[in-house]
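Peer 1: fold the following for me, if possible:
(one chain, ligands or ions: 1)
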Amino acid sequence: GIDISKLLSETGYTTYDDGLANTASTMSAITYIDGDAGVLRYRGYPIEQLAKESTFLETAYLVIYGELPTAAELATWEDRIRRKTMVDERMREFFKMFPRRSHPMPVLASGLMMLSTYSFDSVDYTPEAIEKATERLIAKVPTLAAYGYKNSRGEAMLYPDNSLSYIENFLRMSFAYPTEPYEFHDEITRALDVLLILHADHEQNCSTSTVRLIGSSGANIYASVAGGVNALSGPLHGGANQAVVEMLSAIKESGISVKEYVQQVKDKKAGIKLMGFGHRIYKNYDPRAAIIKEHADKVMSLKAGRRDLLKLAQELEHAALEDDYFTERKLYPNVDFYSGLIYEAMGFPKEMFTVLFAIGRLPGWIAQWRELVTNPKRKIGRPRQIYIGEGERDYVPLGDR
Ligand code: ACO
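Peer 2: The predicted structure follows:
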């Protein structure tokens with residue numbers, strides 16, 4: 001019942017952009033997306049090429065520093081990260097304070113804030129301080145994520161083993177036991193590497209905009225990135241991969257057919273959406289979903305994943321792509337549609353899916369924060385509103401109400 005144009009003319013504001021869907025909040029040289037064509041590039045390099053040729057650590061370097069590293073630069077970068085994977089022993093104790101079944105996302109966000117208390121230079125914008133914080137975050141977040149996971153299971157937290165690669169180290173810290181090693185499979189290690197590459201940045205999405213908004217006040221990188229983790233936790237953003245597996249399991253358990261489920265979504269009665277479908281920017285097939293799909297079969301041929309759910313997901317995708325409701329609204333599978341199923345096959349419980357997304361998105365958050373704070377003309381982020389509340393009125397004493 002609100003007349004937006006009348007309000008705009010009364011308040012003098014010329015822009016009302018619900019959900020900031022058509023507002024560029026910054027200039028950025030990091031990630032390019034053409035949502036209509038289904039194109040994603042980091043620093044100019046197509047996501048398909050990076051997923052095929054690169055590693056997550058190399059892509060992180062590219063996203064953060066703007067260029068692919070030389071062999072010597074890559075070796076130095078990997079070495080510097082490897083040397084910083086340990087966290088202070090008191091942090092291990094801190095992780096034991098969380099309730100046994102705590103969701104690992106708030107535990108990760110808390111861990112990041114705890115990490116900030118160990119950094120005396122966290123509000124220092126010297127290039128050295130920014131470098132140090134960058135390396136600490138990339139190195140320690142997988143350790144914190146694995147600690148959160150182990151804690152949620154009441155199992156011993158393992159120290160990093162720096163003879164291993166970045167991905168292997170994380171898999172081992174997540175799945176090995178003090179007396180039982182983790183058996184590596186090249187396909188699983190590579191699939192995780194690729195999944196993290198695919199998540200490394202996605203321009204001004206909800207969590208990245210949050211990182212920038214927090215950083216714009218001058219808050220340090222740890223506070224900004226912790227805000228990103230919290231924004232990512234919602235089911236419409238990073239939590240969607242968990243929601244997809246829950247949706248598929250619920251369909252399976254209820255015994256309804258794919259056709260019936262699609263009809264329920266279209267009817268909008270139960271307020272259900274086809275999770276893992278649709279995107280604010282992609283109005284075409286999300287290029288990341290196409291790459292993930294290729295890895296789903298490889299991983300599931302090694303591990304006893306939910307093949308039944310993969311089949312159901314494929315049927316749902318097929319039904320939706322054949323249906324005018326979805327094509328008219330340009331709703332296609334997004335990055336989350338298949339990623340949860342692969343994580344599940346790797347052995348991660350669904351509460352960890354969004355944590356894996358956070359590990360992947362970390363280079364993007366860092367790069368965007370660095371781009372923000374090294375801009376001498378940066379301004380504090382402060383959107384306006386259109387007030388629709390009461391006009392002026394007099395205070396009524398308690399006894400008269
Ligand atoms: N299932 C069914 N219908 C949908 C879906 C869906 N997943 N997504 C959008 N629609 C419909 C809406 O109901 C709306 O229909 P209407 O025009 O008849 O009212 C129309 O498509 C436009 O949708 P909006 O909500 O306006 O699109 P918006 O850009 O605001 O939302 C979003 C994008 C949040 C991703 C949405 O598509 C969604 O909720 N998807 C499911 C959750 C999901 O998978 N999130 C992951 C996003 S990717 C990421 O974070 C990595």
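
Peer 1: in space, what's closest to the closest residue to the ligand within the stretch 251-400 of the chain - neighbours in sequence excluded?
Peer 2: The nearest approach of the stretch 251-400 of the chain to the ligand comes at residue 278, 2.4 Å away (C-beta to the nearest ligand atom). The way it works is simple: take the backbone N, C-alpha and C, and place the C-beta from them, glycine included. On the basis of C-beta to C-beta, 6 or more residues apart in numbering, the spatially nearest residue to residue 278 that is not a chain neighbour turns out to be residue 331, at 4.4 Å.

Peer 1: surely the one you found meets residue 317?
Peer 2: No - with the criterion set as C-beta atoms under 8 Å, residue 331 and residue 317 do not qualify as a contacting pair; they are 10.8 Å apart.

Peer 1: just to be sure, residue 32 is in a strand?
Peer 2: Yes - inclusion of residue 32 in a strand is indicated when DSSP: H, G, I helix; E, B strand; the rest coil is applied.

Peer 1: if I look at it, how far off is residue 306?
Peer 2: Distance of residue 32 to residue 306, computed by C-beta to C-beta, to the nearest Å: 35 Å.

Peer 1: what do you get for residue 68?
Peer 2: Using C-beta to C-beta, one obtains 37 Å as the distance from residue 68 to residue 306.

Peer 1: can you pull the residues of the stretch 151-300 of the chain lying near the ligand?
Peer 2: Within the stretch 151-300 of the chain, the positions lying close to the ligand (C-beta under 6 Å from any ligand atom) are 236-237, 240, 265, 273-280.

Peer 1: between all of the residues you listed, which two are separated the most?
Peer 2: Set against one another by C-beta to C-beta, these have their most distant pair in 237 and 265, with a gap of 19.5 Å.

Peer 1: higher neighbour count, these two?
Peer 2: residue 265 (22 against 16; other C-beta atoms under 10 Å).

Peer 1: secondary structure element for the more buried one?
Peer 2: Secondary structure from DSSP states H and E places residue 265 in helix 258-267.

Peer 1: more neighbours: residue 32 and residue 306, which one.
Peer 2: Here residue 32 and residue 306 are compared on neighbour count by other C-beta under 10 Å; more neighbours surround residue 306, at 18 against 15.

Peer 1: now the helix holding residue 265: average pLDDT?
Peer 2: Confidence over helix 258-267 (mean pLDDT, whole number) is 94.

Peer 1: so who does residue 36 touch?
Peer 2: Listed by C-beta atoms under 8 Å, 6 or more residues apart in numbering, the contact set of residue 36 reads 283-284.

Peer 1: and it, backbone torsions?
Peer 2: Dihedral pair for residue 36: phi -70, psi -40, per degrees, to the nearest 10.

Peer 1: where does this protein have low pLDDT?
Peer 2: The chain contains residues with pLDDT under 70 at 1, 11, 13-14, 120-123, 304-305.

Peer 1: measure the closest residue to the ligand within the stretch 101-250 of the chain to residue 59 for me?
Peer 2: Closest approach between the stretch 101-250 of the chain and the ligand, counting by C-beta to the nearest ligand atom: residue 240, at 3.5 Å. Here the criterion is C-beta to C-beta. By it, residue 240 lies 22 Å from residue 59.

Peer 1: do residue 272 as well
Peer 2: Counting by C-beta to C-beta, the gap from residue 272 to residue 59 is 35 Å.
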